[in-house]
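K.L.:
Next come a sequence and a model predicted from it.
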Amino acid sequence: MDLEALESLRQFLLNFTGAYVIVSHKPFFLDQVTDITWELTPVGLKVYGGNFSQYREQKEIELEAALRSHEAARKELKRTQATAMQEQQRAAQSSRNGHAKFLNGSIDRMAAGLIKTKAEVSTGTAKKKHEAAVAKANQKVAETKVKTTKVTSIQLEEKNQKRRNLIHIQGANLRVSERLLIQNIQLHVSSGDRIAIIGANGSGKSSLVKAILGMQNQAAVLESGDVLLAPAMKAVYLDQTYELVNRRHTILENMQAANPNLSYQLLRQQLGHFLFKYDDVHKSASVLSGGELARLAIAMISISEIDLLILDEPTNNLDIETVEQMVVGINDYQGALWVISHDIDFLSRINITQGFKLKEQTLQMTTYLPSTPEQYYRELLECHQ
Ligand SMILES: Nc1ncnc2c1ncn2[C@@H]1O[C@H](COP(=O)(O)OP(=O)(O)OP(=O)(O)O)[C@@H](O)[C@H]1O
Ligand SMILES: [Mg+2]
């Protein structure tokens, strides 16, 4: 749904007097229309008072508390293990002492034997006691273990690249099947730019990209004006079909192709950060779910050396965790970025430096950026009216 459709739904819900349940992965929208959040977890439904942002804060707090408990349990385990070790060493030492005293004649054989037996008995009881304590501490560690899907990525070396112009369009028109969709386009993209483009469904956002990259059909074309593309520009267009991922190859092979200069170990590490672990990496890409494909595509992009990445509605159909991973991957990526999306929450977190809106068949710069989502949203709504 574009923003206009979402806004109508919001207005409808504001005036609706009954109760409603919304199933959605759009945080910005949810914040505006809900005040209780249900989470479906493997152990049942968990209810949080508050809208999505408050839910997210609550989850952060829960996670931190859980991590602290786990850390405390690990410390306790270490302490228990150290105590057990010391006690055992002490018992062994006392047995050795008895033997030494016997050898130097300060006690007789019987006394030495007694000391030995006593030492052995106390070692045995102590051992059992400590084993039990260590087992208990171990269990506590296992119980408090936190499953976190947080991605911490490998740090790629920053390419020492000069800023260069990638796309320069001045005064061109976009036509799709003879129909004029956008006129007098002024668009300049340089390396390092991070651009967001928003516009109503059918306004020509995807067609503009396809025309620039000369993709597939001849239906979308740019005519008149100046259209210049940097020579040898490596651009990747990513929509929900994830063409970037070669379905005939495995997950690992796709990663290798994305950056042949990285070592096997680094590739595995990065795959792990995007939750592809163990034998999973040898799975064929053809069997992956939509969300998994998105994750793999972003893992590939995070290590690719591409000049321009174009994302077309990348968060549609993705759950909130996968969007989180996408945010991390995109923030690692260092080339120029062009994003078509109506997901304000997502846009607000990927460091957009320029905003464009398609209004009345023209491409216009926005005054506000997604980093101030409320103002940005209001400005965009006006372009639909
Ligand atoms: N190959 C084609 N042949 C004919 N018309 C086309 C073709 N491709 C796109 N169009 C039309 O061009 C218009 C713009 O389509 P486009 O996909 O660029 O819109 P969009 O802004 O990306 O929309 P959405 O937000 O729904 O993705 C639409 O009316 C669409 O039907
Ligand atoms: Mg589109």
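P.N.:
Good, I have the coordinates. Residues are numbered from 1 along each chain as shown. Ligands and ions are numbered 1, 2, ... in the order given.

K.L.:
Surely Ser207 is in a helix?
P.N.:
Yes: when classified by DSSP: H, G, I helix; E, B strand; the rest coil, Ser207 is found to be part of a helix.

K.L.:
how does this structure divide into domains?
P.N.:
Listed by automatic domain parsing, the domain ranges of the chain are 56-144, 191-219+230-382.

K.L.:
Please pull out the lowest mean pLDDT helix or strand from this structure.
P.N.:
helix 109-144 (a mean of 82; mean pLDDT, DSSP states H and E).

K.L.:
I'd like to know how many residues surround the spatially closest residue to Gly98 that is not a sequence neighbour.
P.N.:
Sequence neighbours aside, Ile115 is the residue nearest to Gly98 in space, at 3.1 Å (criterion: C-beta to C-beta, 6 or more residues apart in numbering). Where C-beta positions appear, they are placed from N, C-alpha and C, glycine not excepted. Residues within reach of Ile115, counting by other C-beta atoms under 10 Å, total 19.

K.L.:
Name the residues of the least confident helix or strand of the chain that come out as buried.
P.N.:
112, 115-116, 119, 123, 126, 130, 133-134, 137, 140-141, 144 (16 or more other C-beta atoms under 10 Å).

K.L.:
Could you do stretch 224-236 as well?
P.N.:
In stretch 224-236, counting by 16+ other C-beta under 10 Å, buried: 227, 229-230, 233, 235-236.

K.L.:
Just the helices from the stretch 101-250 of the chain, written as ranges.
P.N.:
All helices of the stretch 101-250 of the chain, identified by DSSP state H, counting those that start in this stretch, fall at 109-144, 205-213.

K.L.:
So which of those helices is nearest ligand 1?
P.N.:
When the helices of the stretch 101-250 of the chain are compared by C-beta to the nearest ligand atom, helix 205-213 sits nearest ligand 1, at 3.2 Å.

K.L.:
Return the residues of this structure in contact with ligand 1.
P.N.:
Taking C-beta under 6 Å from any ligand atom as the criterion, the chain approaches ligand 1 at residues 2, 176-177, 181, 199, 201-207, 217, 219.

K.L.:
what's the most distant pair in those residues?
P.N.:
The largest separation in the residues of the chain next to ligand 1, counting by C-beta to C-beta, is between Asp2 and Asn217 at 22.7 Å.

K.L.:
Pick out whichever of those two has more residues nearby.
P.N.:
Neighbour count, other C-beta under 10 Å: between Asp2 and Asn217, Asp2 has more, with 16 against 11.

K.L.:
Tell me who's in contact with the more buried one.
P.N.:
Residues in contact with Asp2 (C-beta atoms under 8 Å, 6 or more residues apart in numbering) are 199-201, 342, 384.

K.L.:
Return the closest of those residues with respect to Glu62.
P.N.:
Using C-beta to C-beta, the contacts of Asp2 come closest to Glu62 at His342, 29.8 Å.

K.L.:
what helix or strand does that closest one sit in?
P.N.:
Assessed by DSSP states H and E, His342 sits outside every helix and strand.

K.L.:
Rebuild the buried residues of stretch 224-236 as CSV, extending it with pLDDT and distance to Ser24.
P.N.:
Formatted as CSV, the buried residues of stretch 224-236 follow (pLDDT from 0 to 100; distance: C-beta to C-beta, whole Å):
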residue, pLDDT, distance to Ser24
Val227, 91, 39
Leu229, 91, 38
Ala230, 91, 39
Met233, 89, 37
Ala235, 91, 32
Val236, 89, 28
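
K.L.:
Could you export the residues you listed to CSV, including columns for distance to Ser348?
P.N.:
Shown next, in CSV, are the buried residues of stretch 224-236 (distance: C-beta to C-beta, whole Å):
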residue, distance to Ser348
Val227, 31
Leu229, 30
Ala230, 29
Met233, 28
Ala235, 25
Val236, 23
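
K.L.:
Among the contacts of Asp2, which one has the most neighbours?
P.N.:
Ranking the contacts of Asp2 using other C-beta under 10 Å puts Gly199 first, with 25 neighbours.
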